[in-house]
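Asks: The sequence isn't on hand, but the structure is:
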């Protein structure tokens, strides 16, 4: 998704005329957007405030909260450098917050009142999780000045961090990290999927911030899958030891275990589920250019294919809930994989440009 497409999504968002795939693509774009791009999106949202339907039923406007946080960090940097910044109440959904010079507080107060109604669950979760550490979190985010992105439709890429740790990023993923690790911890932020080989340093724990949890390690190998459009984030330990924190809960994993945390926009304060007996090779199949599904439903399979081949999936009617298993080579291409899925007699697939239309059998 580019800036123009992001602006189009905002227009569709306020009327409720958008698909889950479009929202997922927008959330992915938002993770790597610059402050200048966020300002443009904020202006676009502001210009459309009169069209916002109070009864839209949108379950989560978390992107507005995320945009606010990122712009707050930018403004705090400018304040530290001595640049005057306008402050007001309104954008921040009931708390004092920064806004950009020139943004009309009246408009953002109106928008904020709607967001409280539409996304109370999500905001409460974020507020509970971050109320005691909000200052610390802002400091962490301010240090994440670099961004490493693997766009939708592209193969995995490798990044070596300043401490020697290696990160392998899957398609449709963004990793934010500092140019150099300083202080008492090594912090990165992930949206998407990545495999980490962390250099051991007992004095400086390594932390991965994701949408619904935080992963802490000293030196270990593990995989994190935390896409915005997935209902559950999954952290799988290959070697060493990791601790997963979500809200007030924390669990430690042993090799072969996986921590599953529901997306906060789906369910608030859900417990962390630990699953044992996970085959690391199955979880890491994507590193070898393969898709490996183990009793996955069709929607999960199609979300994976959509990210890997940069397509939008449209479900035209309900489809079978048959569990799908098997391994596919990414090099086969989307058409060949869909041909194989057709043989399972669970749905029909039609490729129309960059769209895949799924219909019942």
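Replies: Thanks, I have the structure now. Since we're looking at a predicted model, the values are computed, not measured.
Asks: so where's this structure uncertain?
Replies: Filtered on pLDDT under 70, the chain yields the residue ranges 14-16, 46-142, 265-269.
Asks: ok, 80 please
Replies: Where the chain drops to pLDDT under 80, the residues are 1-2, 4, 11-22, 24, 28, 30-143, 212, 263-270, 320.
Asks: how about the helices in the stretch 151-300 of the chain?
Replies: Using DSSP state H, counting those that start in this stretch, the helices of the stretch 151-300 of the chain run over residues 280-283, 298-309.
Asks: which one of these is the most hemmed in?
Replies: helix 298-309 (a mean of 21; mean count of other CB atoms under 10 Å). Every C-beta, even on glycine, is put in place using the N, C-alpha and C of the backbone.
Asks: contact partners of the next helix or strand after that helix?
Replies: Counting by DSSP states H and E, the element after helix 298-309 in chain order, helix or strand, is strand 312-315. With CB atoms under 8 Å, 6 or more residues apart in numbering as the test, strand 312-315 has contacts from 19, 21-22, 25, 299, 302-303, 305-306, 354-358.
Asks: cool, and stretch 241-253?
Replies: With CB under 8 Å, 6+ apart as the test, stretch 241-253 has contacts from 125, 128-129, 212-218, 220, 222, 235, 237, 254, 259, 261, 269, 271-272, 274.
Asks: now, which of these lie within strands?
Replies: Members of those lying in strands (criterion: DSSP state E): 214-217, 222, 235, 237, 259, 261, 274.
Asks: Filter the residues you listed down to the buried ones.
Replies: The neighbour-count criterion (16 or more other CB atoms under 10 Å) marks 214-217, 222, 235, 237, 259, 261 among those as buried.
Asks: With distance to residue 11 as added columns, please give those residues in CSV.
Replies: Below are these laid out as CSV (distance: CB to CB, whole Å):
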residue, distance to residue 11
214, 34
215, 36
216, 40
217, 42
222, 40
235, 36
237, 43
259, 38
261, 32
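Asks: out of those, which one sits closest to residue 339?
Replies: Checking these against residue 339 by CB to CB gives residue 235 as the nearest, at 33.7 Å.
Asks: Does the residue lying closest to the closest one once chain neighbours are set aside have any beta-bridge partners, and if so which?
Replies: In this structure, residue 235 finds its nearest non-sequential neighbour in residue 259, 4.6 Å apart by CB to CB, 6 or more residues apart in numbering. Bridge pairing for residue 259 (DSSP bridges) gives the partners residue 235, residue 274.
Asks: Just to check, residue 259 is in contact with residue 278?
Replies: No. The criterion here is CB atoms under 8 Å, and residue 259 misses it with residue 278 at 10.2 Å.
Asks: What's the biggest strand in this structure, counting residues?
Replies: Assignment by DSSP E gives strand 186-197 as the longest strand of the chain.
Asks: Could you list the paired strands of it along with their orientation?
Replies: Assessed with DSSP bridges, strand 186-197 is paired to strand 166-169 (antiparallel), strand 173-177 (antiparallel), strand 206-209 (parallel), strand 221-226 (antiparallel).
Asks: Distance to residue 40 added to the ones you listed, as a markdown table?
Replies: Output for the strands paired with strand 186-197, formatted as a markdown table (distance: least, CB to CB, whole Å):
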| stretch | distance to residue 40 |
| --- | --- |
| strand 166-169 | 26 |
| strand 173-177 | 19 |
| strand 206-209 | 25 |
| strand 221-226 | 26 |
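Asks: closest one to residue 29 among these?
Replies: Closest among the strands paired with strand 186-197, using CB to CB: strand 173-177, at 9.2 Å.
Asks: Contacts for the closest one next, please.
Replies: Contacting residues not belonging to strand 173-177 are listed as 28, 31-32, 144, 146-150, 159, 161, 167, 169, 188-194, 227 [CB under 8 Å, 6+ apart].
Asks: Which members of the residues you listed are classed as buried?
Replies: In the contacts of strand 173-177, the ones that pass as buried (16+ other CB under 10 Å) are 28, 31-32, 144, 148-150, 159, 161, 167, 169, 188-194, 227.
Asks: Please verify my assumption that residue 230 contacts residue 262.
Replies: No. In this structure residue 230 lies outside contact range of residue 262 using CB under 8 Å: 10.0 Å.
Asks: what's the nearest residue to residue 232 if we skip its chain neighbours?
Replies: The shortest distance from residue 232 to any non-neighbouring residue, by CB to CB, 6+ apart, is to residue 260 (5.0 Å).
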